[in-house]
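could you work out the structure for the sequence below:
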Amino acid sequence: MRVTTDFWVSALVKRVFSGGGFAAIAKRGATEAGAVFVIVRDRLGGAELFGPAPQTSYDTAKPDERFFIRYALEDEAALDARLEKEKRFDYDIWVVEIEPGQGTIEDLISVAET
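Down below sits the predicted model:
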């Protein structure tokens, strides 16, 4: 059984803080099943965007786990444009911004190989 998006995002935020990082919910979406987008910021001002992986990326052994893909974006303007496009398609998305602290983003979320 998959947990609610609200619960999953809360757990992500707590994992980030426990690892010495910072996390903020930039947009709160549907409590039960909103799609989650994660902006990962580094201390030098760079940013990466991760969004829900396509269904074909899911492992049948772990059907309830959330997988993400990394979007190849050139700059902050492209990141903002992508999020605006996603919001027009589905207004109930979640946007979480994090600075991971110790460790990598792969320690916090499951990133699918594309």
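
grab the nearest non-local neighbour of R28.
Residue nearest to R28 in three dimensions, not counting chain neighbours: W94, with 6.4 Å by Cβ to Cβ, 6 or more residues apart in numbering. Backbone N, C-alpha and C define where each C-beta goes, glycine included.

which secondary structure state is assigned to G51?
strand (DSSP: H, G, I helix; E, B strand; the rest coil).

now for it: which residues touch it?
35-38, 68-69, 71, 86 (Cβ atoms under 8 Å, 6 or more residues apart in numbering).

next: E74.
Applying Cβ under 8 Å, 6+ apart, no residues qualify as near E74.

doesn't E32 belong to a helix?
No - secondary structure of E32 (three-state DSSP): coil, not part of a helix.

which one of the contacts of G51 is nearest G20?
V38 (17.4 Å; Cβ to Cβ).

remind me which helix or strand the closest one belongs to.
V38 belongs to strand 36-41 when assigned by DSSP states H and E.

starting at the chain centroid, how far to that strand?
4 Å (Cα atoms, centre = their mean, to the nearest Å).
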